[in-house]
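Undergrad: Just to be clear, the model below is a prediction. Sequence and coordinates:
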Amino acid sequence: MAIAKIIKYEGDNNTFIWKHPAEDFNCMTQLIVHESQEAIFFMNGMAMDTFGPGKYNLDTESLPILGKFIDVLTYGESSFHAEVYFINQTVQMALKWGTMERVRFIEPYTGIPLDIGASGEMNLRVKDSKALLVKLVGTMRGISWDKESGEFTKSLQNSFRPLISSVVKTNLAQLIKQEKINIIEIDEHLEELAKPLHEKINAGFEDYGLTAPEFYITNIALPEDDPNYRRIKSIMASSYLGVKEAELEATLVA
């Protein structure tokens, strides 16, 4: 059994949670936690003590819970078996999201149906390390936003894509109608559409120990090649010209 002498984070800056490969330690092992990180020990499948930035010797002074486990688990030896997870608490910037499928939207002025999509970016950080570990990571080696490989068997992007798509699909069309937004001019209203969606999506993230400080819609995908969309544009253009002609005529009469 090889005893780890030093435990420190060896992942990259895009990783939210990284599990240290070593699982056997003793009271001479040093734990190094960098700024904007936390380290959490798991023993017997339970989350134990949490360590903030600093350097620690893994003895019963810095990890009091060990006193209850060392003799029982190692038959009097000073070594012990545990899992150590490092949590990156920095804000992960510009994480991309997009709807899994198009949203059916009935244009209220014409009554013509359209299928529209949405995409954007968000910032994300860990708010409750233990909640994220217990609810989502489990016994995996770690988790990042978009990686899904032998190292990370699950990605946050794939895990939360259904949540984001469901919120957008359920609310986007309703918000456009509620705010009386002209679908042709929708790019001018992305910020006001993003705010209520952000609140609903963030509530879903927080259930898993995450929080999205910022959420942006950067694009509403309009069906430019759809005959229905071209028809709407034509109707609205005609309506716009009719209004302008009426205004011009009123000005001339006055």
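TA: Thanks, I have the structure now.
Undergrad: any chance you could map the helices in this structure?
TA: Remark: helices assigned in the chain by DSSP state H are 70-74, 129-132, 156-178, 190-206, 227-253.
Undergrad: which of the ones you listed sits most buried?
TA: helix 129-132 (a mean of 19; mean count of other Cβ atoms under 10 Å). C-betas here are computed from N, CA, C, even on glycine.
Undergrad: Columns distance to Ile6 and mean pLDDT on top of the helices of the chain, output as TSV?
TA: Listed next are these as TSV, based on distance: least, Cβ to Cβ, whole Å; pLDDT from 0 to 100:
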stretch	distance to Ile6	mean pLDDT
helix 70-74	20	47
helix 129-132	21	87
helix 156-178	28	90
helix 190-206	33	95
helix 227-253	61	63
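Undergrad: closest to Glu107 out of those helices?
TA: Ranking the helices of the chain by proximity to Glu107 (Cβ to Cβ) places helix 227-253 first, at 5.5 Å.
Undergrad: can you put the helices of the chain in JSON lines and add distance to Trp97?
TA: Shown next, in JSON lines, are those (distance: least, Cβ to Cβ, whole Å):
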{"stretch": "helix 70-74", "distance to Trp97": "43"}
{"stretch": "helix 129-132", "distance to Trp97": "18"}
{"stretch": "helix 156-178", "distance to Trp97": "5"}
{"stretch": "helix 190-206", "distance to Trp97": "9"}
{"stretch": "helix 227-253", "distance to Trp97": "24"}
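Undergrad: Glu121 is nearest to which of those?
TA: Closest among these, using Cβ to Cβ: helix 190-206, at 10.2 Å.
Undergrad: Glu107: what's it in contact with?
TA: 113-114, 183, 232 (Cβ atoms under 8 Å, 6 or more residues apart in numbering).
Undergrad: Against Leu193, how distant is it?
TA: Distance from Glu107 to Leu193, counting by Cβ to Cβ, to the nearest Å: 16 Å.
Undergrad: One more: Trp97?
TA: Where Leu193 is concerned, Trp97 sits at a distance of 14 Å (Cβ to Cβ).
Undergrad: contacting residues around the residue lying closest to Glu206 once chain neighbours are set aside?
TA: Closest residue to Glu206 apart from its sequence neighbours, by Cβ to Cβ, 6 or more residues apart in numbering: Lys127 at 6.5 Å. For Lys127, the contact set (Cβ under 8 Å, 6+ apart) comprises 206, 209-211.
Undergrad: Closest one to Ala82 out of those, please.
TA: Using Cβ to Cβ, Gly209 is the member of these that sits closest to Ala82, with 20.7 Å.
Undergrad: Contact partners for that closest one?
TA: Counting by Cβ under 8 Å, 6+ apart, Gly209 makes contact with 126-133, 135-136.
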